[in-house]
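Engineer: Predicted model follows, preceded by the sequence.
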Amino acid sequence: MKDIVGSPGTWSGLALRVSQVVCATGSLVAMATAFGASNYSAYTYLTFVMCFEILWSFALMCVDIHALKHNWDLHRIGMAWIYLLGDWLFGLGAFTAASAAGALDILMERDVHFCSTYPYLACSGYRISVILACMAWSFLAASAASSNNRPHSAKKPVLVH
C-alpha cells in the first residue's frame, strides 16, 4: 500500500505534527514573554488558539507514534475523519488568529507607529509570534489536506465484460 505524504500514522504525518507543536509552542512563548501583549485582544486570541493547537497537535502526535509503533493503518480504523474535522476546526481558528494578530502587528508597526512611539512595547516579540503562528497554521493545513486522502492499494480492480 502506498502511503500519502503527511497522512495520519506515517512518518511524514508525525513530522508535520512535531512541526506544529514546535511552532505553536514557539509562538506561545514569544507572546508570553512580550510585554503588553495582553492589552490587545488579537494577541490574546492568538495565545488562546495556540494553546489549543498545542494540545490538539500533541495528542495526535502521540496517536501517530502509537500507530507507527504498532503498525496501525489509521485510515482503515476510521480515525482519518477525526483528524480531518479537528484539523479543519483548529486550522480555521489558527488562521483567523494569525491573520488578526498579523494585521494588528502591521497597524502598530507601520500605520500608527506605536512601536517607535512606545519603545517599551515588545513589537519584535509580537512579530516573531505571528510568524511562528503562521508557520504552525501552514503545517496544520498540510496535515488537513493529506488526512482526507485515502491510500490506494496496488491492485487495480479487474473489469469483466
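Structural biologist: That came in fine, so what should we check first?
Engineer: C-alpha coordinates for the least confident helix or strand in the chain by mean pLDDT, PDB please?
Structural biologist: Ranked by mean pLDDT, DSSP states H and E, the weakest helix or strand in the chain is helix 114-117, scoring a mean of 87. Written as PDB, here are the backbone C-alpha positions of helix 114-117 (Å, rounded to 0.1, in the frame of the first residue of the first chain):
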ATOM      1  CA  PHE A 114       3.200  52.600  18.100                       C
ATOM      2  CA  CYS A 115       6.500  50.600  18.200                       C
ATOM      3  CA  SER A 116       8.600  53.700  17.700                       C
ATOM      4  CA  THR A 117       6.400  55.900  19.900                       C
END
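Engineer: just checking, what packs against the helix or strand following that helix?
Structural biologist: Next in sequence after helix 114-117, counting helices and strands by DSSP states H and E, comes helix 123-147. Using 3 or more Cβ pairs under 8 Å, 6 or more residues apart in numbering; DSSP states H and E, the elements in contact with helix 123-147 are helix 11-33, helix 41-70, helix 80-106. Every residue, glycine included, has its C-beta placed from N, CA and C.
Engineer: Ok, which of those helices comes nearest residue 141?
Structural biologist: helix 80-106 (5.6 Å; Cβ to Cβ).
Engineer: which other helices and strands contact that closest one?
Structural biologist: helix 41-70, helix 123-147.
Engineer: so how far is the first one from its chain's centroid?
Structural biologist: The chain centroid and the centroid of helix 41-70 are separated by 7 Å under Cα atoms, centre = their mean, to the nearest Å.
Engineer: Give me the buried stretch members for it, please.
Structural biologist: 42-43, 45-47, 49-50, 53-54, 56-58, 60-61, 63-64, 67 (16 or more other Cβ atoms under 10 Å).
Engineer: what do you get for the last one?
Structural biologist: Going by neighbour count (16+ other Cβ under 10 Å), the buried part of helix 123-147 is 123, 125-144, 146-147.
Engineer: just stretch 20-35 next, same as before
Structural biologist: If you call a residue buried by 16+ other Cβ under 10 Å, then stretch 20-35 has these buried ones: 20-28, 30-31, 34.
Engineer: TSV for those residues, including pLDDT?
Structural biologist: Rendered in TSV, the data for the buried residues of stretch 20-35 read as follows (pLDDT from 0 to 100):
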residue	pLDDT
20	95
21	96
22	97
23	97
24	96
25	97
26	97
27	96
28	95
30	94
31	92
34	88
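Engineer: Cool, thanks, signing off.
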